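*Asks:* got a predicted model here, sequence first, then my questions.
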Amino acid sequence: NYADMPKWFTNWEKTGLLKYEDKNGDGKIQYYNDKSKDEAFLAAQEAKGLKGSELTIDNDIMVLANPEIAQLPNWVIALVAAGALAAALSTAAGLLLVISSSVSHDLIKKMVNPNISEKGELWAARGAATVAVVIAGYFGINPPGFVAAVVALAFGLAAASFFPAIILGIFHKKMNKEGAIAGMIVGLLLMLFYMLKFKFGLFDGGKDAVAGLKESWWFGISPEGFGTIAMIVNFIVAFVVNSFTKEPPHDVQEIVEHIRIPSGAGEAVNH
């Protein structure tokens, strides 16, 4: 019975992240999977005046709602909320700093316009941070999935692009820039294509058109887990291109050796 639900239920209803709609007016909460393949069950529910579950739960509330559901003290709930907010802000601040410095210093200063002034470089960093905030804000308002899914997509993109280049740059001194860049481009484009096709439905009529179509996934892998496949493709392309192109200069290989084995370090003893 809806009238018998605990206080936390009503509290989260106010946020809009927990919704109850009494479709048949019986005052009871009917909750089930709308995507159930049991046609007889769905037909029975429709006969009762139900064309879908009466309860909608946003997955994003579960971490914050659990302490209240468990009837923990308010200060515990406050600690959970403060910890979540602190983690989000610290991560966002670090990523914004990396994005702004990468665009202003590594891209514009070193490649596009080496003669740019420090003031111009600062304005470029601010502009890059602003654009990043706008894009992040849009996806915050219109998320492609719940928090864990979005994090998995982000790590998938990182695995498909940066991870192989970092590993090869440290542990394979003969990996050249052509191979690393080719692998990053192919891996990133493959991951983006898979996300846009099976997560956003860009090529198939929108998100609703691809929702639940797991049978169409390549190798049965979800968009959140496809970063591993894109990473493997990245490695393969990097090695193939590297084998057909010039190896890096000797001084670059010496730098890699120096990174792996710092100068001044003696031989291991007493093993």
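*Replies:* Arrived safely.

*Asks:* residue 27: neighbouring residues, count only.
*Replies:* 10 (other Cβ atoms under 10 Å). No exception for glycine: its C-beta is placed from N, CA and C like everyone else's.

*Asks:* surely it touches residue 5?
*Replies:* No. Contact criterion Cβ atoms under 8 Å: residue 27 and residue 5 do not qualify, at 10.9 Å.

*Asks:* grab the nearest non-local neighbour of residue 186.
*Replies:* Nearest residue to residue 186 in three dimensions, chain neighbours excluded: residue 237, at 4.6 Å (Cβ to Cβ, 6 or more residues apart in numbering).

*Asks:* tell me which element the one you found is part of?
*Replies:* According to DSSP states H and E, residue 237 maps onto helix 227-244.

*Asks:* distance of the residue nearest in space to the middle of the chain relative to residue 184?
*Replies:* Centre of the chain computed as the mean C-alpha position; nearest residue by Cα atoms, centre = their mean is residue 154, 2.5 Å away. Note on residue 154: its distance to residue 184, by Cβ to Cβ, to the nearest Å, is 16 Å.

*Asks:* returning to that earlier point: show residues contacting the helix holding residue 237.
*Replies:* The contact list for helix 227-244 (Cβ atoms under 8 Å, 6 or more residues apart in numbering) reads 152-153, 155-161, 163-165, 168, 174-176, 178-180, 182-184, 186-188, 190-191, 194, 218-219, 221.

*Asks:* please apply the same query to stretch 103-117.
*Replies:* The contact list for stretch 103-117 (Cβ under 8 Å, 6+ apart) reads 120, 121, 122, 124, 125, 128.

*Asks:* in that stretch, what counts as buried?
*Replies:* Judged by neighbour count using 16 or more other Cβ atoms under 10 Å, the buried positions of stretch 103-117 are 103, 104, 108, 109, 116.
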